[in-house]
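Participant: Fold the following, please.
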Amino acid sequence: MFRNKYQKGFFTIFYSIGSSPLSIWQTHVKNGHIKRILDNDVNSMALEILGTNVATTYIITPRDPKQSLGVKLPFLVLLVKNMRKLFTFEVQILDDKGFNRRFRVSNFQCTTRVKPFCTFMPLGLAPGWNQIQFNLADFTRRAYGTNYMETVRIEIHANVRIRRIYFTDRLYPEDDLPNEYRLMTSAKASKKDEPGARPPSPEKLCPAPCASIKSAH
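Facilitator: Predicted coordinates for the structure are as follows:
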């Protein structure tokens, strides 16, 4: 989809503001809902994905399973709200060996499991809104001993609220982020972020965290 697009700095694939935030996403709903609502904490619209079963209510991009996102930027950032329910998301990447690998992250996974083509990872979220920073290049190297080439596909499952999903070429300090990319905007953006809860940092992959989470209250 975006392999031939200019990619530098910030590259957004979902933003809850606008007329068609799900234009490149396919939705699947069973015993739940996917809708935009006004979130009072950020005073902004957010996409809410709620369902009784995380496996059957989700959004996925690209729409065409034969396509690849083709995003080469190595850092994935998600601005999400902890709904205090089961939540999972999955990122599929292509490495330099030509293999598709998947990282499945959830708040109900207790331990990290690395399989040949899928790594299962635990996720801890602080109350309220969180910024998940996911170093795809580092995870690919540590889990599979290969190099990250591009992101192929992303699935976001229930239960969560999403404000923005984007890629970056590096991790930017909060002061260098445009206001609309920050965890909290306007007056709330000046509040100092408190440390997040348990990030997806599997001990089997590395001794230090490969991803980080910021929280805002």
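Participant: For this structure, which element, helix or strand, carries the lowest mean pLDDT?
Facilitator: Comparing helices and strands within the chain by mean pLDDT, DSSP states H and E singles out strand 194-195 as the least confident, with a mean of 38.
Participant: Can you give me the distance of the closest residue to Tyr58 other than its chain neighbours to Ser16?
Facilitator: Once flanking residues are discounted, Tyr58 sits nearest to His157: 4.0 Å by Cβ to Cβ, 6 or more residues apart in numbering. (Glycine included, C-beta is placed from N, CA and C.) As defined by Cβ to Cβ, to the nearest Å, His157 lies at a distance of 17 Å from Ser16.
Participant: do the same with Lys81
Facilitator: According to Cβ to Cβ, Lys81 and Ser16 sit 11 Å apart.
Participant: Name the residues contacting each of these two.
Facilitator: Residues touching both Lys81 and Ser16 comprise 46, 162-163, with contact defined as Cβ atoms under 8 Å, 6 or more residues apart in numbering.
Participant: List only those of those residues flagged as buried.
Facilitator: 46, 162-163 (16 or more other Cβ atoms under 10 Å).
Participant: so of the residues you listed, which ones are in strands?
Facilitator: 46, 162-163 (DSSP state E).
Participant: just to revisit the earlier point, what's the closest of the shared contacts of Lys81 and Ser16 to Arg3?
Facilitator: Nearest to Arg3 among the shared contacts of Lys81 and Ser16 is Ile162, at 24.1 Å by Cβ to Cβ.
Participant: Quick check: phi and psi on Ala126?
Facilitator: With angles defined as degrees, to the nearest 10, Ala126 sits at phi -80, psi 160.
Participant: separation between it and Gln133?
Facilitator: For Ala126, the distance to Gln133 (Cβ to Cβ) stands at 14 Å.
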